[in-house]
Every structure is written in C-alpha cells, then in structure tokens.
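J.: sequence and predicted structure below; questions after.
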Amino acid sequence: MAEWIEGTVSENIHWTENLFTLKIDADIADYKAGQFTSLALEIDGERVARPYSHLSSPGQHPLEYFFYTATDGILSNALVKLEAGDKVWVKKQSNGFFVLEEIPPARDLWMLGTGTGVAPFFSILNTDEPWQRFETIALIYAVRTEADLRYLELIDAIGNRYGDRFRFQAFVSREDVPNTLPGRIPASIDNGALEAAVNLEMSPEHSHFMLCGNPDMVKDVTELLKTRGFNKNRRRTPGHITTENYW
C-alpha cells in the first residue's frame, strides 16, 4: 500500500493564469532524475491524487513541480490556490522508467518536451550523469505562447556551464517570437528545420530521443522517426526513442 507524506508548500509561483510551480518541503524517499511521484489533496471528503514528475533533481530541496491547470482538472485547480504553509500529500516512493539508466549508449541525446512535460528534463540536466555519458544534449521546448516559456534562467545557466555541448531550441506555436521556431515539433523534424536550428544531425548511429508531454507530439514524432530508421527503446530490444505521455 502506498505511503503518503504530509508536505508543506514553501512557495507557489504563478507564472500565468494557468501555469504555476509548487515548491514543497516533504521528506520523501530517494528518487532518480526523470521519475515521478503523486501529489494529493482532500477534496470533498476524498483524497484526489495525480502523478507529477519531479522538476527538482535528486537531493535538491524543496521538491519542485510544474503545473498547467486543466479546465476539468479537479486537482490542478485546487493546487493552484495553495499558499506557503499549506499542506499537501506527497507519495513517499517515486516511480517511472523515464530515467537515464534505461537509455542505451549514444553520442547525442535529444530531449523533446511540450509545456510542463519539460519538468523531468530539468531534473536530469541538473545532474552529472547526462554530461558524463553524452557528448551533446539538445533540449527542445514547445509551448503555445511566449508567456508559457519558463525556466529560461535555468536553461541559460546550463548553457553557460556546458557551452556548445548544450543546444536549446524553443517553439512557440501561437505567436511570432524572436529566436523561436513556429509551428509544431514534428513538422520541423520532417523538413529539417530543427536539425538546422540546433546544428545537430539526427542519425540512428549517434542519436537517442527522449519525448515527454502532449501525447499527440509523442505519437507523431515517434512515427516520423520510425520512417527515418529509429526504433522504440525497450529493455529487451534497445532502440532510439524513449517516451512518456504527460496526461
């Protein structure tokens, strides 16, 4: 049976009306970068829970989570109202296979995320392991509007630390924003615009892809990459594409 820990909100950062970050003090068990836990609140006499990826890296405190309030999201619409000092339940054990130990050797690691689906990538990027294993890491971050594009200071800090080994490209689909690409990630892979933008070639010989976020993006990119000779990554049959849908 799952064990729950009562955590305390230390900060609620409201980025936009629907986008926010919770920082939570909770004494949960050790976890791996890229894994998720569950958060819960008592709503109308019932404990409502949902899984969320850690944005914070192992050993970092407080714990950090990145949210978008869905129109019909009972829990997210309650979490957004929390203030410092409020209590929230956090599942003690974390889970998930969206971790580097499941990734076979490769020269280049592509991290493709939409919206809050970038959270596990930040957890991973702020550890030493990816930089010990891969020559080049490309973070691709797709949002609807410029206001949704967050954690740019963190991205800049990674770039300053690792230089040309780190490539970053943002997509903004509903606005024209300098230094970003328009439209959706799959189209930019299909026409070569993404490879050109980050100056990095996608090849079965050298590349591995981690996809997280909108299930349509994950599905479309996976199918497109398959046509170029990439395969799904499985424990028994290692491949090039590791995925995690975000709802």
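T.: Cool, got the structure.

J.: which SSE is residue 217 in?
T.: Here residue 217, judged by DSSP states H and E, is contained in helix 215-226.

J.: give me the contact list for that helix.
T.: With CB atoms under 8 Å, 6 or more residues apart in numbering as the contact definition, helix 215-226 has outside contacts at 112, 114, 142, 184-186, 189-190, 202, 209, 211-212, 232, 240-241, 243-247. For the C-beta atoms, the positions are set from N, CA and C on the backbone; glycine is no exception.

J.: other SSEs contacting the helix or strand that that helix is followed by?
T.: Sequence-wise, the next helix or strand downstream of helix 215-226 (DSSP H and E) is strand 241-245. The elements that strand 241-245 packs onto, with contact taken as 3 or more CB pairs under 8 Å, 6 or more residues apart in numbering; DSSP states H and E, are strand 207-213, helix 215-226.

J.: just the angle between the helix holding residue 217 and strand 207-213, please?
T.: 160 degrees (axes from the mean of the first three to the mean of the last three CA atoms, to 10 degrees).

J.: hmm, what's the outermost residue in this protein?
T.: When distances to the mean C-alpha position of the chain are computed (CA atoms, centre = their mean), the maximum falls on residue 45, with 31.6 Å.

J.: so what pLDDT did it get?
T.: What the model reports as pLDDT for residue 45 is 94.

J.: again, but for residue 2
T.: With respect to pLDDT, residue 2 has a value of 84.

J.: contacts only, for it.
T.: 38, 91-93.

J.: can you do 10 Å?
T.: By CB atoms under 10 Å, 6 or more residues apart in numbering, the residues touching residue 2 are 37-38, 40, 49, 91-93.

J.: which secondary structure state does it sit in?
T.: When classified by DSSP: H, G, I helix; E, B strand; the rest coil, residue 2 comes out as coil.

J.: measure it to residue 94 for me?
T.: Relative to residue 94, residue 2 is positioned 11 Å away (CB to CB, to the nearest Å).

J.: adjacent strands (with direction) for the one helix or strand residue 51 maps to?
T.: Element membership for residue 51 (DSSP H and E) is strand 46-53. Using DSSP bridges, strand 46-53 pairs in its sheet with strand 36-43 (antiparallel).

J.: middle-most residue in the protein, spatially?
T.: Note: the chain centre (CA atoms, centre = their mean) maps to residue 118, 2.4 Å.

J.: rewinding a little: can you give me phi and psi for the residue farthest from the centre of the chain?
T.: Dihedral angles phi and psi of residue 45 (degrees, to the nearest 10) take the values phi 80, psi 10.

J.: and if you look at residue 121?
T.: phi -70, psi -40.

J.: and for the one 10 residues further on?
T.: Phi and psi for residue 131, reported as degrees, to the nearest 10, are phi -80, psi -20.

J.: that one contacts residue 125, correct?
T.: Yes. In terms of CB atoms under 10 Å, residue 131 counts as a neighbour of residue 125; the distance is 8.5 Å.

J.: got any residues that touch both of those two?
T.: By CB under 10 Å, 6+ apart, the residues touching both residue 131 and residue 125 are 137, 158, 161-162, 166.

J.: orientation of the helix holding residue 217 relative to strand 241-245 in degrees?
T.: Using the same axes, to 10 degrees: helix 215-226 against strand 241-245 is 170 degrees.

J.: ok, residue 140 to residue 14 distance?
T.: Separation of residue 140 from residue 14 (CB to CB): 26 Å.

J.: and for residue 176?
T.: 25 Å.

J.: for residue 188, same thing?
T.: For residue 188 relative to residue 14 (CB to CB), the value is 31 Å.

J.: out of the two, which sits in the busier spot?
T.: residue 188 (20 against 10; other CB atoms under 10 Å).

J.: within the helices and strands, which one has the more buried one?
T.: helix 185-190.

J.: moving C-terminal of that helix, what's the next helix or strand?
T.: helix 193-198.

J.: put the alpha carbons of that next one into PDB.
T.: Coordinates of the C-alpha atoms in helix 193-198 are reproduced here as PDB (Å, rounded to 0.1, in the frame of the first residue of the first chain):
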ATOM      1  CA  ALA A 193      14.400  22.900 -39.700                       C
ATOM      2  CA  LEU A 194      15.100  21.600 -36.200                       C
ATOM      3  CA  GLU A 195      18.400  20.000 -37.100                       C
ATOM      4  CA  ALA A 196      19.500  23.200 -38.800                       C
ATOM      5  CA  ALA A 197      18.400  25.400 -35.900                       C
ATOM      6  CA  VAL A 198      20.500  23.500 -33.300                       C
END
